[in-house]
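> Take this sequence and fold it.
(2 chains)
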There are 2 protein chains.
Amino acid sequence: MNEILEQALLFDFYGELLTEHQKEIYEQFVLEDLSLGEIAKETGISRQGVYDLIKRCNKILQEYEEKLHLVEKFLKIKSKVHQIDSILNDYQETDSRKMAEEIRKISGEIIEEL
Amino acid sequence: MNEILEQALLFDFYGELLTEHQKEIYEQFVLEDLSLGEIAKETGISRQGVYDLIKRCNKILQEYEEKLHLVEKFLKIKSKVHQIDSILNDYQETDSRKMAEEIRKISGEIIEEL
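Predicted coordinates:
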């Protein structure tokens, strides 16, 4: 996964555990795609200050994921639900029994994740 | 949801964010179903100390859930996957098109949660 997507996912899951100030800066960097210089200018913090804050946020969010693994879990479930969707899209009346079996297998795997 | 089940779920999701000491005591109370007196005796903490620690852990775990809502999200997904399973169990060859439609609807709802 590319770094920005990973940061966006981590922020989506654990962002509420950052302080308001951290959230505000991190959101501008990760979701609004502003540069360090732009954020520095807008917030009145030094460019180095913004850099340090983002680095610190990355570390905090990654530590939550290392402990809780919830992003990892969600991505697994998402991929399995997409598998179900793809089976349904390839659906042919004649294969319905096989389709039901395949979906049942995947839904069982999802339940195990939950 | 009854209180012990809720505590067990919260502990399952956010328990790793407690300290080792908190985890150890809380686990004995919630998962192993020991009484305050039994935990006090086993750990050498006073009964009141055990009570306070468990109350504090409840508060910490509930605060994580209030911020992240991940237990709530997982329960919704779980219920929907069980719906898919139940549709598959009622499966009749003649109804396969309808079955596929129903499952597609639910899997779409799950994707929206993710």
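
> Excluding sequence neighbours, find me the nearest residue to the residue in chain A positioned nearest to chain B.
Per CB to the nearest CB, residue A:96 is where chain A lies closest to chain B, at 3.4 Å. Where C-beta positions appear, they are placed from N, C-alpha and C, glycine not excepted. Spatially, and ignoring its direct neighbours in sequence, residue A:96 is nearest to residue B:96 (3.4 Å; CB to CB, 6 or more residues apart in numbering or on different chains).

> Check the gap between that neighbour and residue A:100 for me.
8 Å (CB to CB, to the nearest Å).

> does any bit of stretch A:26-41 sit next to chain B?
No. If you take CB under 8 Å from any CB of the partner chain as the test, stretch A:26-41 misses chain B, and the best it gets is 15.5 Å.

> And the contacts of that stretch?
Residues outside stretch A:26-41 that contact it (CB atoms under 8 Å, 6 or more residues apart in numbering or on different chains): A:4, A:7-8, A:11, A:15, A:18, A:25, A:42, A:45-47, A:49-51, A:53-54, A:57.

> mind redoing it with 10 Å?
With contacts defined as CB atoms under 10 Å, 6 or more residues apart in numbering or on different chains, stretch A:26-41 is touched by A:3-12, A:15, A:18, A:24-25, A:42-43, A:45-51, A:53-54, A:56-58, A:60-61.

> Of those residues, which are in range of chain B?
residue A:15 (CB under 10 Å from any CB of the partner chain).

> Which members of the contacts of stretch A:26-41 are positioned in helices?
A:3-12, A:24-25, A:42-43, A:47-51, A:53-54, A:56-58, A:60-61 (DSSP state H).

> filter those to the buried ones?
Buried subset of the ones in helices among the contacts of stretch A:26-41 (neighbour count, 16 or more other CB atoms under 10 Å in any protein chain shown): A:6-11, A:25, A:50, A:53-54, A:57-58, A:60-61.

> want to try a markdown table for those residues, with pLDDT as columns?
Listed next are these as a markdown table, based on pLDDT from 0 to 100:
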| residue | pLDDT |
| --- | --- |
| A:6 | 90 |
| A:7 | 93 |
| A:8 | 94 |
| A:9 | 93 |
| A:10 | 96 |
| A:11 | 96 |
| A:25 | 96 |
| A:50 | 97 |
| A:53 | 97 |
| A:54 | 96 |
| A:57 | 97 |
| A:58 | 97 |
| A:60 | 98 |
| A:61 | 97 |
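
> May I ask which two of the residues you listed are separated the most?
A:9 and A:50 (21.3 Å; CB to CB).

> Now residue A:1: closest residue in space that isn't a chain neighbour?
residue A:9 (7.8 Å).

> just to confirm, which helix or strand has residue A:34 in it?
Taking DSSP states H and E as the definition, residue A:34 sits outside all helices and strands.

> Okay, angle between the lowest-mean-pLDDT helix or strand in chain A and helix B:96-113 too, please.
The weakest-scoring helix or strand in chain A, judged by mean pLDDT, DSSP states H and E, is helix A:96-113 (a mean of 83). Here helix A:96-113 points in a direction 30 degrees away from that of helix B:96-113 (axes from the mean of the first three to the mean of the last three CA atoms, to 10 degrees).

> Next, the contact list for residue A:56, please.
So residue A:56 contacts A:18, A:22, A:25, A:26 (CB under 10 Å, 6+ apart).
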